[in-house]
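>>> model the following, please.
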Amino acid sequence: MFLELSEEERRTLEGILEAALRDLRGEVYRAETSQFKEELKADETIIRAILAKLRRE
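Here you go, the predicted model:
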């Protein structure tokens, strides 16, 4: 898949993902079950990978 973004769109998406990552860290900390915590950590991994791709471009 190829997604072409303008610089402004890229910066906006990066900011949204960074905010989601910060929120997710809090959710992981407050998660009551280990299964839910693992699901959140998997989401965190995906968000970090997307951010890395955005920053390479």
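>>> so the residue nearest the centre of the chain: helix, strand or coil?
Residue closest to the average C-alpha location in the chain (CA atoms, centre = their mean): residue 47, at 2.5 Å. Assigned with DSSP: H, G, I helix; E, B strand; the rest coil, residue 47 falls in the helix class.
>>> what pLDDT does it get?
Note on residue 47: pLDDT of 97.
>>> does it touch residue 20 like I think?
Yes: counting by CB atoms under 8 Å, residue 20 is a contact partner of residue 47 at 6.0 Å. Bear in mind the C-beta positions are built from the backbone N, C-alpha and C, glycine included.
>>> between these two, which contacts overlap?
The overlap between the contact sets of residue 47 and residue 20 (CB atoms under 8 Å, 6 or more residues apart in numbering) is empty.
>>> do a quick rundown of the helices in this protein.
7-30, 34-56 (DSSP state H).
>>> what's the closest of those helices to residue 1?
Nearest to residue 1 among those is helix 34-56 (11.1 Å), distances taken as CB to CB.
>>> kindly export the closest one (C-alpha atoms) in PDB.
C-alpha atoms of helix 34-56 as PDB (Å, rounded to 0.1, in the frame of the first residue of the first chain):
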ATOM      1  CA  SER A  34      -3.100  -9.100  31.400                       C
ATOM      2  CA  GLN A  35      -4.900 -10.000  28.200                       C
ATOM      3  CA  PHE A  36      -6.100  -6.500  27.700                       C
ATOM      4  CA  LYS A  37      -2.700  -5.100  28.600                       C
ATOM      5  CA  GLU A  38      -1.100  -7.300  26.000                       C
ATOM      6  CA  GLU A  39      -3.600  -6.100  23.400                       C
ATOM      7  CA  LEU A  40      -2.800  -2.500  24.200                       C
ATOM      8  CA  LYS A  41       0.900  -3.200  24.000                       C
ATOM      9  CA  ALA A  42       0.400  -4.700  20.500                       C
ATOM     10  CA  ASP A  43      -1.400  -1.500  19.500                       C
ATOM     11  CA  GLU A  44       1.500   0.400  20.900                       C
ATOM     12  CA  THR A  45       4.000  -1.600  18.800                       C
ATOM     13  CA  ILE A  46       1.900  -0.900  15.600                       C
ATOM     14  CA  ILE A  47       1.700   2.800  16.300                       C
ATOM     15  CA  ARG A  48       5.500   3.000  16.900                       C
ATOM     16  CA  ALA A  49       6.100   1.200  13.600                       C
ATOM     17  CA  ILE A  50       3.800   3.600  11.700                       C
ATOM     18  CA  LEU A  51       5.600   6.600  13.400                       C
ATOM     19  CA  ALA A  52       9.000   5.200  12.400                       C
ATOM     20  CA  LYS A  53       7.800   4.900   8.800                       C
ATOM     21  CA  LEU A  54       6.500   8.500   8.800                       C
ATOM     22  CA  ARG A  55       9.700   9.800  10.200                       C
ATOM     23  CA  ARG A  56      11.800   8.000   7.500                       C
END
